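[1] Just need the structure, nothing else, for what follows:
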Amino acid sequence: MHANQGAFSHIASCTHIIVLCQNFIRMLGKWIKKLLGMPDADLLQSYKEKGAVVIDVRTKGEFQSGHGKNAKNIPLDQIAAQAGKIKAMNKPIIVCCRSGARSGQAAGILKSKGIDVLNGGPWQNVADF
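    Okay, here's the model as predicted:
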């Protein structure tokens, strides 16, 4: 075997390992999002196409510091009390917040009330909805 063939084989092996690592990281990211109840871009897009209403569950002050252009602000501590009003919208709902934690709680509350709801995660995910 020539020295060049050995080097080429080594580079090919390293490239293969890098590709495997990249695929693993991509799959791990999807798994973590699923574990946290955060949707992928395709699911968000399908809700957008169905005319979903975006509800930002952050506080009024947080909402005023930046939010999606069509988002409605209903803070998490008011979600249960507003569930009837939200259900009356008769549309799918996407909830969002700063990180996805509070919107995950809000999604659980609304799902328990029979509302078609999706945790959109951070508000930046749905800023253009």
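[2] Next up, the contacts around Leu118.
    Leu118 makes contacts with Pro39, Leu43, Leu44, Tyr47, Ala52, Pro92, Ile93, Ile94, Val95, Ala107, as judged by Cβ atoms under 8 Å, 6 or more residues apart in numbering. Backbone N, C-alpha and C define where each C-beta goes, glycine included.
[3] Just among those, which is most surrounded?
    Neighbour counts for the contacts of Leu118, by other Cβ atoms under 10 Å, peak at Val95, which reaches 33 neighbours.
[4] tell me which element Ile55 falls in.
    Taking DSSP states H and E as the definition, Ile55 sits inside strand 53-56.
[5] same check, this time on Asp128
    Assigned by DSSP H and E, Asp128 belongs to no helix or strand.
[6] now it: how far from Val117?
    Here Asp128 is placed at a distance of 20 Å from Val117 (Cβ to Cβ, to the nearest Å).
[7] what residues are up against the closest residue to Gln82 other than its chain neighbours?
    Nearest in space to Gln82, with sequence neighbours left out and distances taken as Cβ to Cβ, 6 or more residues apart in numbering, is Ile74 at 5.2 Å. By Cβ under 8 Å, 6+ apart, Ile74 lies in contact with Ile55, Asp56, Val57, Gln82, Ile86.
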